[in-house]
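Peer 1: quick one, fold the following:
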Amino acid sequence: MLFRKLIQTSKYFMGLDINLFRVDKGGNPGLIKDTLNKRFQDPAIVDLIIQLDEQWRKQQFVLDSLRKEFNQVNGEIAKKKKESKGQDKCEQEVEQIKKIQANIQEAEKATAESKLVLDQKLNKIGNLVHDSVPVFKDEKDNVTSWQWGEPNRVKIDGTPGKCHHHEILYMIDGCDLKRGTKIAGHRAYFLKGPGMLLNIALQQYGLQFLSKRGYVPVQTPFFMKKSIMAETAQLSDFDDQLYKVTGNQDDEDLYLIATSEQPISAMYRKEWLELKDLPIKYAGQSTCFRKEAGAHGKDVWGIFRVHQFEKIEQFVICAPEDSWKLHEELIQIGQDFVKSLEIPYRVVNIVSGALNDAAAKKYDLEAWFPGYDDYRELQSCSNCLDYQSRALEIRLGPKQDGAEKKYVHMLNATLCATQRTLCCILENYQTETGVRVPQVLQQFVGTDFIPYKFPVPKQADLKDAQK
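Peer 2: Sure thing, here's the model as predicted:
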């Protein structure tokens, strides 16, 4: 039972191909050390992993030898019993089998424990960083790749037409933060009236936008088994981001999803995908749940950064040779979407020191918020190569026993996190008497203008709502 549990646990982790660490298998440990240096992490772990791998391979060789010996002796017993028509009890061989079985059990335990330690260390190493990623530690050094539109640099002074997004949301009666907090705690809310209509409009428009570009809309489960979640999410996210669900499935804990990327990435788990069926393009729609630990200040005003929100996600599964071309396609689609909303933005190439583990390269699209007098993230676009598919065992090519393992590449990109995008629209489209509705959303909202229902709220009212 312990052996099985250890084996199951060792399969939980994302990580690089272990053969990259093995010089005898054509690997290049120096390349991995270079990636760790770019990520501003200690490259000494590479040498440790090589040592742990050598230890595990030796133990695996011993285990395989014991199993081979077991089969040989077992075969001898069968042969002798057949020749003697059951008269030969093979007592010496039976005793030998018992000893081999005991040795196998010990070897299985030792091998599984070594594999678990190896995988845990392997999981600490992020994806190989692409050469085009700027090598800096801090996000302040992100490099702007594209920029569009002229920022509205109106001075926010708390008068109609010059308000923050949470004040505008109050004025159009689009959200009830006070009652949301009362029933569900900090940063909970009821979207209502024009707030809800804008939220739904962004989802409908986003799905329509992607459908016209060959993406298949898909609505995902809202929770996942822990073992599968761990194959596609960083283990650190379990404490910092993910909500655990009371109750379980198949004796496993369940976790609410933080993005539709997680369940979509696991859709084809342990399947073989043929080249003729690729690329697979999905427009994921889901509610997302995140703890957002550490958020504070202006970020927690209104519905800018909340624990529950809706998101339309681009997700692509493709052949390895196509992933970089598709990465550029994804960010271009994201730009076209924000352009259609007529919101100024810039796209930044995220520095190596700020990349999450799975991403080999990541773009962020940041839209202009007059209330912050700054660009703030609306979209994130990552090429994860085979980092996720390797853990999920999503192979490339026809299913063949003994065939060389090849894995698909996976990419993900936010198209629209609707609550935050709604905040951005409110600030950029506010007037002295109400909020203009972006032209592309008018057919979904049913109007081109949302008048204010209430005056600018007092700060005391807003603080009370956020408690």
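Peer 1: please count neighbours and contacts with C-alpha atoms only from this point.
Peer 2: Will do.
Peer 1: on the three-state scheme, Met410 is what?
Peer 2: Under the three-state scheme (DSSP: H, G, I helix; E, B strand; the rest coil), Met410 adopts strand.
Peer 1: ok, now how distant is Lys291 from Leu256?
Peer 2: 11 Å (Cα to Cα, to the nearest Å).
Peer 1: which one of the two is surrounded by more residues?
Peer 2: Ranked by neighbour count (other Cα atoms under 10 Å), Lys291 and Leu256 place Leu256 first, with 21 against 17.
Peer 1: which ones are touching the nearest residue to the more buried one once chain neighbours are set aside?
Peer 2: Excluding the flanking residues, the one nearest Leu256 by Cα to Cα, 6 or more residues apart in numbering is Phe223, at 4.1 Å. By Cα atoms under 8 Å, 6 or more residues apart in numbering, the contact set of Phe223 is 254-257.
Peer 1: same thing but at 10 Å, please
Peer 2: 229, 243-245, 254-258, 260, 262-263, 288-289 (Cα atoms under 10 Å, 6 or more residues apart in numbering).
Peer 1: these in helices, which ones?
Peer 2: Judged by DSSP state H, those include 229, 262-263 as members of helices.
Peer 1: would you format those residues as JSON lines with neighbour count and pLDDT included?
Peer 2: Below are the ones in helices among the contacts of Phe223 laid out as JSON lines (neighbours: other Cα atoms under 10 Å; pLDDT from 0 to 100):
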{"residue": "Met229", "neighbour count": "25", "pLDDT": "91"}
{"residue": "Gln262", "neighbour count": "23", "pLDDT": "96"}
{"residue": "Pro263", "neighbour count": "23", "pLDDT": "97"}
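Peer 1: ok, so of those, who is nearest Thr414?
Peer 2: Gln262 (12.6 Å; Cα to Cα).
Peer 1: thinking that closest one is in contact with Asp237, fair?
Peer 2: No - Gln262 is beyond contact range of Asp237, at 11.9 Å (criterion: Cα atoms under 10 Å).
Peer 1: contacts for stretch 51-65?
Peer 2: Taking Cα under 10 Å, 6+ apart as the rule, stretch 51-65 contacts 18-19, 21-22, 45-50, 66-71, 103-119, 121-122.
Peer 1: try 7 Å
Peer 2: 104, 107-108, 111, 114-115, 118 (Cα atoms under 7 Å, 6 or more residues apart in numbering).
Peer 1: all strands for the stretch 1-150 of the chain, in order.
Peer 2: 143-148 (DSSP state E, counting those that start in this stretch).
Peer 1: so how far is Phe315 from the residue lying closest to Leu198 once chain neighbours are set aside?
Peer 2: What sits nearest to Leu198 in space, not counting adjacent residues and going by Cα to Cα, 6+ apart, is Val445, at 6.2 Å. To Phe315, Val445 is 27 Å away according to Cα to Cα.
Peer 1: between these two, which has more neighbouring residues?
Peer 2: Neighbour totals were compared for Val445 and Phe315, and Phe315 leads with 25 against 21 (other Cα under 10 Å).
Peer 1: look at that one and give its secondary structure.
Peer 2: Counting by three-state DSSP, the backbone at Phe315 sits in strand.
Peer 1: surely it and Ile280 touch.
Peer 2: No - here Phe315 does not reach Ile280: they are 8.2 Å apart, not a contact under Cα atoms under 7 Å.
Peer 1: which neighbours do the two share?
Peer 2: What both Phe315 and Ile280 touch, as defined by Cα under 7 Å, 6+ apart, is an empty set.
Peer 1: what ranges do the strands span in the stretch 151-300 of the chain?
Peer 2: Applying DSSP E, counting those that start in this stretch to the stretch 151-300 of the chain gives strands spanning 175-176, 190-191, 216-219, 223-225, 244-249, 252-256, 272-273, 280-289.
Peer 1: need the ones you listed in CSV (columns: distance to Asn356 and mean pLDDT).
Peer 2: Output for those, formatted as CSV (distance: least, Cα to Cα, whole Å; pLDDT from 0 to 100):
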stretch, distance to Asn356, mean pLDDT
strand 175-176, 33, 96
strand 190-191, 31, 96
strand 216-219, 25, 98
strand 223-225, 21, 93
strand 244-249, 22, 78
strand 252-256, 20, 91
strand 272-273, 26, 96
strand 280-289, 19, 97
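Peer 1: CSV for those, including distance to Asp322?
Peer 2: Below are those laid out as CSV (distance: least, Cα to Cα, whole Å):
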stretch, distance to Asp322
strand 175-176, 43
strand 190-191, 40
strand 216-219, 19
strand 223-225, 29
strand 244-249, 36
strand 252-256, 31
strand 272-273, 15
strand 280-289, 12
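Peer 1: who are the contact partners of the residue lying closest to Pro455 once chain neighbours are set aside?
Peer 2: Leaving aside its chain neighbours, Pro455 sits nearest to Met171 (5.9 Å; criterion: Cα to Cα, 6+ apart). In this structure, Met171 makes contact with 452-456, judged by Cα under 7 Å, 6+ apart.
Peer 1: quick one: Met171 and Ala188, what's the gap?
Peer 2: To Ala188, Met171 is 18 Å away according to Cα to Cα.
Peer 1: ok, Cys163 next?
Peer 2: For Cys163 relative to Ala188 (Cα to Cα), the value is 22 Å.
Peer 1: hmm, back to that, which residues do Lys291 and Leu256 both contact?
Peer 2: Counting by Cα under 7 Å, 6+ apart, the shared contacts of Lys291 and Leu256 are 242-243.
Peer 1: where does the residue nearest to Asp173 when sequence neighbours are not counted fall, phi/psi-wise?
Peer 2: Leaving out its chain neighbours, the residue that sits closest to Asp173 by Cα to Cα, 6+ apart is Lys453, at 6.3 Å. Lys453 adopts backbone torsions of phi -100, psi -30, taken as degrees, to the nearest 10.
Peer 1: thought Lys453 was touching Leu169?
Peer 2: No - Lys453 lies out of contact with Leu169 (Cα under 7 Å); the separation is 10.1 Å.
Peer 1: in terms of neighbours, single out the busier of those two.
Peer 2: Neighbours per residue, other Cα under 10 Å: of Lys453 and Leu169, the larger number sits with Leu169, 26 against 13.
Peer 1: and the nearest residue to the more buried one once chain neighbours are set aside, bridged to which residues?
Peer 2: Nearest non-adjacent residue to Leu169, counting by Cα to Cα, 6+ apart: Cys175, 6.2 Å away. With DSSP bridges as the criterion, Cys175 is bridged to Leu191.
Peer 1: surely Cys175 meets Met196?
Peer 2: No - in this structure Cys175 lies outside contact range of Met196 using Cα under 7 Å: 8.0 Å.
Peer 1: who's more crowded, the two?
Peer 2: Taking other Cα under 10 Å, Cys175 and Met196 do not tie; Cys175 has more neighbours (23 against 17).
Peer 1: ok, that one - contacts?
Peer 2: Counting by Cα under 7 Å, 6+ apart, Cys175 touches 169, 189-192, 195.
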